[in-house]
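> Mind folding the following:
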Amino acid sequence: RIVRTVVDNVTDDVYAVHVVQVRARLARRRPAPGARPRPRRRHPVSRSTSRGFARRARAFDGRCRDRRRGSVPWRTSRSRGHFDAFEARATATMPASTVDDVVTVLITGAAGQIGYALAPMVCAGAATGPGKKIALKLLDVEFASEALRGVKMEIMDCAFDACVSVDVFTDCEKACEGVDVAIMVGGFPRKQGMERKDVLGKNVAIYKQQASALASKAKKDVKIVVVANPANTNAKILAKFAPSIPRGNVTCMTRLDHNRALAQLGERSGKATIEVKNAIIWGNHSSTQYPDVNHATIEGKPAREVIGNDAYLDGDFVDVVRARGAAIIEARKLSSALSAASSVCDHVYDWIHGTKEGEWTSMGVISDGSYGVPEGLVYSFPVTCTGGKWQIVQGLSIDERSRKLMDESAKELTEEFELAEQCLAESA
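Purely as a prediction, here's the structure:
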């Protein structure tokens, strides 16, 4: 019976849309007023085929009556009744928005590992969702232009249905023209022998320039997610030098850390990751981040209760999530590009389409002073998203241990930004 029900549902959907298309074709063939009607021609079908058609139609009519009782004005004429039912069902299953909506997405640092993994995910709709066409813009530095051209060729060869264009740029201002979503993957990586201040100085210059380009060329409601490290401070620099962009539209990604926490809890409990909800990443996207399980649930039960090992949750669990990126580099000899790209898509998708009822995610956003975090810091909080906007989850209880760890991360972010401002002053 279950298989038969599934087959009936699929058949009904296909059949209903087909009937509506037939009606549209008939309307186009209808003669103009006053014109001589065309002679009617019988369709070359057998009587048994006609009886089969009528039998399927009656069955479909009955199922529609059961499912949509009271919502469809059934006629006394059986033939007219099932035709109306076809049309009503087809209309109900068609998406409300058309696929003609185009979202312009910019990926910076697109010739790198994360950009290479991210571009096809974006073109497949993982970030913006179904029903949206993608105009993809790829930006990187001049010496990576050949590699960037290769990425474009591969994206084109994938022949994604949703991708209407792929353009590559080495000029930041041209790349930012008309952008709806900017994913800032590009940044200066720390190299052997470099001091922390040297890396910050390089990235401050990059994000100052990109902030100016986004403010002047991108759409005024552009959504920005910074991925390149130090992500929180890079996002704050960008927000500082793009004052015309709403503060709420500049974020940084801590969704990768959030997903890592969910995965660890799922693995430890022996449950699917989808059953794990409401873990939190507080603070900086660094080794001082605080993965908090005090409000997390597994299959609707408190995570601490399900796992039953506070020593693990307060010790090894936190260390594993914090050092997961280093562990992947140790294993692959390369950074975590695939999981980072997937997490970017999760971040953007939830921001645009909203989080599920009763659930939250983690995002690096500009602090409004919630939970005692200094105002203005780009700090990871638990957030919900509705209508394309995020809101910090309020009213969560914070124990003494959590307070200490949250403050340590806030202190690191404050010092990091002060160092970035020194670099700005020295370069002025």
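> Can you pull out the low-pLDDT segments for the stretch 151-300 of the chain?
Within the stretch 151-300 of the chain, the ranges that satisfy pLDDT under 70 run 190-196.
> where's the most centrally placed residue in the chain, which helix or strand?
Centroid-nearest residue in the chain, with Cα atoms, centre = their mean: Tyr349, separated by 2.2 Å. Element membership for Tyr349 (DSSP states H and E) is helix 337-353.
> The residue nearest to the centre of the chain reaches Ala124, doesn't it?
No: using Cβ atoms under 8 Å, Tyr349 makes no contact with Ala124, being 11.8 Å away. (Glycine included, C-beta is placed from N, CA and C.)
> rewinding a little: buried residues in the helix holding Tyr349?
337-352 (16 or more other Cβ atoms under 10 Å).
> mind listing the helices for the stretch 51-200 of the chain?
Along the stretch 51-200 of the chain, counting by DSSP state H, counting those that start in this stretch, helices occupy 78-93, 113-123, 145-158, 172-175, 196-217.
> one step back: elements contacting the helix or strand following the helix holding Tyr349?
Sequence-wise, the next helix or strand downstream of helix 337-353 (DSSP H and E) is strand 361-366. Helices and strands touching strand 361-366, by 3 or more Cβ pairs under 8 Å, 6 or more residues apart in numbering; DSSP states H and E, are helix 231-240, strand 250-252, helix 255-269, helix 337-353, strand 378-386, strand 389-392.
> Please work out which of these is packed deepest.
Mean neighbours per residue, mean count of other Cβ atoms under 10 Å, is largest over the helices and strands packed on strand 361-366 for strand 250-252, with a mean of 28.
> I'd like to know which elements that strand is packed against.
Under the contact definition 3+ Cβ pairs under 8 Å, 6+ apart, strand 250-252 sits against strand 223-226, helix 231-240, strand 361-366, strand 378-386.
> Who are the packing partners of the last one?
Helices and strands touching strand 378-386, by 3+ Cβ pairs under 8 Å, 6+ apart, are helix 231-240, strand 250-252, strand 280-282, helix 337-353, strand 361-366, strand 389-392, helix 400-427.
> Nearest spatial neighbour of Asp167, chain-adjacent residues omitted?
Excluding the flanking residues, the one nearest Asp167 by Cβ to Cβ, 6 or more residues apart in numbering is Lys137, at 5.3 Å.
> Surely the one you found is in contact with Val179?
Yes: counting by Cβ under 8 Å, Val179 is a contact partner of Lys137 at 6.8 Å.
> what's the overlap in contacts for these two?
Thr104, Val105, Leu106 (Cβ atoms under 8 Å, 6 or more residues apart in numbering).
> which residues does the second one contact?
Applying Cβ under 8 Å, 6+ apart to Val105 gives the contacts Val122, Ala127, Thr128, Ile134, Ala135, Leu136, Lys137, Val179, Asp180, Val181, Ala182, Ile183.
> Could I get the contacting residues of the nearest residue to Val105 once chain neighbours are set aside?
In this structure, Val105 finds its nearest non-sequential neighbour in Val181, 4.8 Å apart by Cβ to Cβ, 6+ apart. By Cβ under 8 Å, 6+ apart, the contact set of Val181 is Val103, Thr104, Val105, Leu106, Ala127, Thr128, Val222, Lys223, Ile224, Val225, Val348.
> wait, what's in contact with Tyr290?
Contacts of Tyr290 by Cβ under 8 Å, 6+ apart are Ile281, Trp282, Gly283, Val318, Ser402, Leu405, Met406, Glu408, Ser409.
> can I get these in JSON lines with distance to Asp171 and neighbour count?
As requested, these are arranged in JSON lines below (distance: Cβ to Cβ, whole Å; neighbours: other Cβ atoms under 10 Å):
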{"residue": "Ile281", "distance to Asp171": "35", "neighbour count": "28"}
{"residue": "Trp282", "distance to Asp171": "38", "neighbour count": "26"}
{"residue": "Gly283", "distance to Asp171": "35", "neighbour count": "30"}
{"residue": "Val318", "distance to Asp171": "43", "neighbour count": "19"}
{"residue": "Ser402", "distance to Asp171": "46", "neighbour count": "17"}
{"residue": "Leu405", "distance to Asp171": "43", "neighbour count": "19"}
{"residue": "Met406", "distance to Asp171": "41", "neighbour count": "23"}
{"residue": "Glu408", "distance to Asp171": "41", "neighbour count": "16"}
{"residue": "Ser409", "distance to Asp171": "36", "neighbour count": "24"}
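> is it possible to export those to JSON lines including distance to Glu359?
Shown next, in JSON lines, are those (distance: Cβ to Cβ, whole Å):
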{"residue": "Ile281", "distance to Glu359": "15"}
{"residue": "Trp282", "distance to Glu359": "17"}
{"residue": "Gly283", "distance to Glu359": "21"}
{"residue": "Val318", "distance to Glu359": "22"}
{"residue": "Ser402", "distance to Glu359": "20"}
{"residue": "Leu405", "distance to Glu359": "23"}
{"residue": "Met406", "distance to Glu359": "21"}
{"residue": "Glu408", "distance to Glu359": "27"}
{"residue": "Ser409", "distance to Glu359": "23"}
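> Would you check which pair of those lies furthest apart?
Pairwise distances across those peak at 14.0 Å for Ile281 and Glu408 (criterion: Cβ to Cβ).
> could the helices and strands packed on strand 250-252 be laid out in a markdown table, adding distance to Gly372?
Converted to a markdown table, these look like this (distance: least, Cβ to Cβ, whole Å):
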| stretch | distance to Gly372 |
| --- | --- |
| strand 223-226 | 24 |
| helix 231-240 | 17 |
| strand 361-366 | 15 |
| strand 378-386 | 11 |
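> Just give me the neighbour total for the residue lying closest to Ile245 once chain neighbours are set aside.
In space, and not counting its chain neighbours, Ile245 is closest to Ala215: 5.8 Å by Cβ to Cβ, 6+ apart. Ala215: 17 surrounding residues under other Cβ atoms under 10 Å.
> Just to check, Ala215 is in contact with Ala242?
Yes: judged on Cβ under 8 Å, Ala215 makes contact with Ala242 at a distance of 3.9 Å.
> distance of the nearest residue in space to Glu299 that is not next to it in sequence from Ile298?
Excluding its sequence neighbours, the residue lying closest to Glu299 (Cβ to Cβ, 6+ apart) is Glu275, at 4.7 Å. The gap separating Glu275 from Ile298 is 6 Å, by Cβ to Cβ, to the nearest Å.
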